[in-house]
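Novice: need a 3D model of the sequence below.
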Amino acid sequence: MQKILQELKANFRKLNLFLNNNYLLKTFGIRLLILMGIGAIVLFILRNNPELKYKVQHAQFIYDFYRIIMYSSLYFLRAIGFDAYIYYSETMYKYGVYAIGINGSGSVFMGISCIGITLMGGFVALMVSFPGKLKHKLWFIPCGLIIIQLLNVLRMSTLAVLIHKGFKHTFKDYNFLGILKFNHHDLFNFFIYIVIFGMFVLYINKFAVKKYQEKE
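Specialist: The predicted structure follows:
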């Protein structure tokens, strides 16, 4: 037991020395842990308070944002030549949601929870946590959020086209050519994680690290 404690202390000293010699990483880690803790508390409160969760999801600015995504998908489909439509249902998923489709085929519903609030929050947390000039973050963060939502629009449009082409679709999985089954929601999230990581690395290389290299 004593040997284990000694090894833990030695590893802790090594970690502390490493962090002291890496200001960027140390600051980033502390800030990110704080923001993750705050986010976890907020999510815990919302998940254990359905009424509050409903009010938050149906806050006017969130609902307006949700409508923008759906109508952007509609206009995108029409712009590329599809006779797309959109409608509102008050009976789906215990609250009203929009569905988008192409005339002559079924439609795909998008819940308010699918607009990517968690994904956007994760991106913002990464950007805010990493040391860097505020002037760069003030334009980089909005650009990143726009990219995430453009991909969300592309997802909804793609699903509508696939359904129009006859591919079967359910909420839980997506059957592509009868061969590959996957949950398109999880697949989209995985893809967005890659995009977010790519944008984060781009920010570090182009703006954050460069700033400290110039100081040295």
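
Novice: what's whichever helix or strand Phe197 is part of in contact with?
Specialist: Per DSSP states H and E, Phe197 falls inside helix 184-203. Around helix 184-203, the neighbours that count as contacts under CB atoms under 8 Å, 6 or more residues apart in numbering are 114, 116, 119, 122-123, 126-127, 130, 132, 136, 140, 144, 147-148, 151-152, 155, 159, 173-174. Heads up, the C-betas are built off the backbone N, CA and C, glycines and all.

Novice: so who does the residue positioned nearest the centre of the chain touch?
Specialist: The centroid of the chain falls nearest to Leu119 when counting by CA atoms, centre = their mean (1.8 Å). Neighbouring residues of Leu119 by CB under 8 Å, 6+ apart: 148, 189, 192-193, 196.

Novice: quick one on the thing from earlier: PyMOL command to pick out the buried ones of the contacts of helix 184-203?
Specialist: Buried members of the contacts of helix 184-203, defined by 16 or more other CB atoms under 10 Å, are picked up in PyMOL with:
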select buried, resi 114+116+119+122+123+126+127+130+132+136+140+144+147+148+152+155+159+174
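
Novice: and the pLDDT for Val128?
Specialist: Turning to Val128, the model gives it a pLDDT of 91.

Novice: assign a three-state SS to it, would you?
Specialist: At Val128 the chain is in helix, as set by DSSP: H, G, I helix; E, B strand; the rest coil.

Novice: ok, it - contacts?
Specialist: Residues near Val128 by CB under 8 Å, 6+ apart: 31, 35, 137, 141.

Novice: any idea how far Ile41 is from the second one?
Specialist: The span separating Leu35 from Ile41 equals 11 Å under the rule CB to CB, to the nearest Å.

Novice: helices of the chain, start to end?
Specialist: Along the chain, counting by DSSP state H, helices occupy 2-20, 23-47, 50-57, 60-79, 117-129, 134-164, 184-203, 209-215.

Novice: and those: which comes nearest Gly101?
Specialist: Closest of the helices of the chain to Gly101 is helix 134-164, at 5.5 Å (criterion: CB to CB).

Novice: mean confidence for the closest one?
Specialist: Mean pLDDT, helix 134-164: 91.

Novice: rewinding a little: looking at the helices of the chain, which is closest to Gly104?
Specialist: Closest to Gly104 of the helices of the chain is helix 134-164 (CB to CB; 7.0 Å).

Novice: can you put the helices of the chain in TSV and add distance to Ala99?
Specialist: Below are these laid out as TSV (distance: least, CB to CB, whole Å):
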stretch	distance to Ala99
helix 2-20	50
helix 23-47	25
helix 50-57	17
helix 60-79	9
helix 117-129	20
helix 134-164	9
helix 184-203	15
helix 209-215	45
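
Novice: figure out which of those helices is closest to Ser107.
Specialist: So among the helices of the chain, helix 134-164 is nearest, using CB to CB, at 7.1 Å.

Novice: count the residues that sit near Arg31.
Specialist: By other CB atoms under 10 Å, the residues close to Arg31 number 16.

Novice: brilliant, that's me finished.
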